[in-house]
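Asks: sequence first, then the predicted structure, then my questions.
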Amino acid sequence: MEKTTRFGIEIEMSGITRKDAALAAQTVLGGELLYGGSYYDTYELKTFDGRTWKFTYDGSIRCETKTRGIKESASRLYSVELVSPILTYEADIENLQEVIRALRKAGAFTNSSCGIHIHLDGQPHTPRSIRNFVNIIYARNDLFYKALGIEASRARYCKRMDEHLVATMNRAKPTTFAKIESIWYEGYRGNRDAHYHESRYHFLNLHSFFHGHKTVELRGFNSTLHAGEVRSYIVLALALNSQALTQSSASTKKPQAENEKFAMRTYLNRIGFIGDEFKACREHLTKRLTGSAAWRRRVAA
């Protein structure tokens with residue numbers, strides 16, 4: 001895993017208003033709170049290092065609040081999407097986790113309508129590494145979906161990699177971004193420059209790479225305000241990105257499924273989840289899987 005890779009994260013939640021969420025983050029980050037207005041009713045927290053954390057409206061979030069521990073419907077003021085500035089793991093992970101804890105303490109919570117999106121710096125990528133990324137996600141779609149607990153209600157916002165797209169890309173072996181872009185948008189209508197283009201709703205989103213901020217986006221994460229889970233998602237995203245960049249090629253072959261936990265653990269070890277530093281991350285990313293992390297096959301008594 002490359003710890004200096006630049007990334008951004010979007011964390012969706014409800015339970016508190018956007019203003020209260022920004023105030024909670026301010027207790028950790030300091031800085032000046034500004035009201036940005038607009039349709040998205042955004043609050044901006046400008047910190048002393050010159051960066052801006054945004055708390056904005058998202059229409060896909062089911063707005064709720066709690067009264068004496070019971071959830072009930074709430075107004076659009078309770079739709080909160082935290083949009084981070086550009087971060088790096090080494091410099092910012094501890095502050096990000098503290099912000100998440102502060103939000104939770106202030107009353108924020110997530111529900112099944114909420115997701116987490118991680119944007120990775122696309123500048124280092126080449127046509128080869130982008131094709132690698134597509135193949136890596138395709139090969140482990142089923143394993144990732146189960147490990148991350150992606151339910152049907154959210155799957156339409158983070159669809160599996162399309163088999164036809166993957167087959168076309170590997171048959172063509174594109175050597176230019178223009179060719180990859182053409183394959184990515186094949187079969188879609190409408191303006192490619194549209195922010196909410198239908199192609200974006202995949203576990204791996206390349207629309208943001210071709211018509212956005214030159215980022216590769218991973219959308220396959222349920223939202224959570226558990227700081228350790230968020231850290232594990234970030235580490236996974238960075239490790240997948242590093243694998244795509246450094247391997248000469250990536251297979252589309254799906255791993256054995258007889259022991260999901262073992263398959264995931266060995267894969268995580270291979271992409272850098274080694275040692276005590278990432279023990280908690282390994283546990284978060286295998287806890288929903290069946291089988292044994294220690295043995296591929298059941299040991300005879």
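Replies: That came through fine. Residues are numbered from 1 along each chain as shown.

Asks: list the buried ones in stretch 39-54?
Replies: For stretch 39-54, the neighbour count (16 or more other CB atoms under 10 Å) marks 40-47, 52-54 as buried. For glycine as for every other residue, the C-beta is placed from the backbone atoms N, C-alpha and C.

Asks: no, scratch that, I was asking about stretch 153-164
Replies: 154, 157-162.

Asks: other residues contacting it?
Replies: 60, 112-113, 115, 134, 137-138, 141, 145, 150, 187, 201-204, 219-220, 222 (CB atoms under 8 Å, 6 or more residues apart in numbering).

Asks: wait, what's in contact with Ile150?
Replies: By CB under 8 Å, 6+ apart, the contact list for Ile150 reads 144, 158, 220, 222.

Asks: list just the nearest of these to Gly31.
Replies: Taking CB to CB as the measure, Gly31 lies nearest Asn222 of these, at 28.9 Å.

Asks: what about the nearest residue to the closest one once chain neighbours are set aside, neighbour count?
Replies: Using CB to CB, 6 or more residues apart in numbering and skipping the chain neighbours, the partner closest in space to Asn222 is Gly149 (5.8 Å). By the other CB atoms under 10 Å criterion, the neighbourhood of Gly149 contains 12 residues.

Asks: in this protein, what secondary structure element scores lowest on mean pLDDT?
Replies: Counting by mean pLDDT, DSSP states H and E, the chain has its least confident helix or strand at helix 152-155, which shows a mean of 82.

Asks: how far off centre is that helix?
Replies: Offset of helix 152-155 from its chain centre (CA atoms, centre = their mean, to the nearest Å): 15 Å.

Asks: can you name the next helix or strand after that helix?
Replies: helix 163-172 (DSSP states H and E).

Asks: any idea of the mean pLDDT for that following helix?
Replies: For helix 163-172, mean pLDDT rounds to 96.

Asks: may I see the buried residues of that helix?
Replies: So for helix 163-172, counting by 16+ other CB under 10 Å, buried means 165-166, 169-170.

Asks: alpha carbons only: can I get it in CSV?
Replies: Taking C-alpha atoms only, helix 163-172 is exported to CSV below (Å, rounded to 0.1, in the frame of the first residue of the first chain):
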residue,chain,number,x,y,z
GLU,A,163,-18.9,-8.5,-17.9
HIS,A,164,-19.2,-7.2,-21.5
LEU,A,165,-17.1,-4.1,-20.7
VAL,A,166,-14.4,-6.3,-19.1
ALA,A,167,-14.4,-8.7,-22.0
THR,A,168,-14.2,-5.8,-24.6
MET,A,169,-11.4,-4.1,-22.8
ASN,A,170,-9.3,-7.2,-22.5
ARG,A,171,-9.9,-8.2,-26.1
ALA,A,172,-9.0,-4.7,-27.4
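
Asks: what's downstream of that helix, the next helix or strand?
Replies: helix 177-184.

Asks: can you give the contact residues for that next one?
Replies: With CB under 8 Å, 6+ apart as the criterion, helix 177-184 contacts 127, 130-131, 165, 168-169, 172, 174, 199, 206-207, 210.

Asks: now that helix: mean pLDDT?
Replies: 97.

Asks: what of stretch 95-104?
Replies: Computed over stretch 95-104, the average pLDDT equals 98.

Asks: again with stretch 107-114
Replies: 96.

Asks: ok so, going back, which pair in the contacts of helix 177-184 spans the largest distance?
Replies: Ala172 and His207 (19.2 Å).

Asks: next, the buried residues of stretch 169-183.
Replies: 169-170, 174, 177, 180-181, 183.
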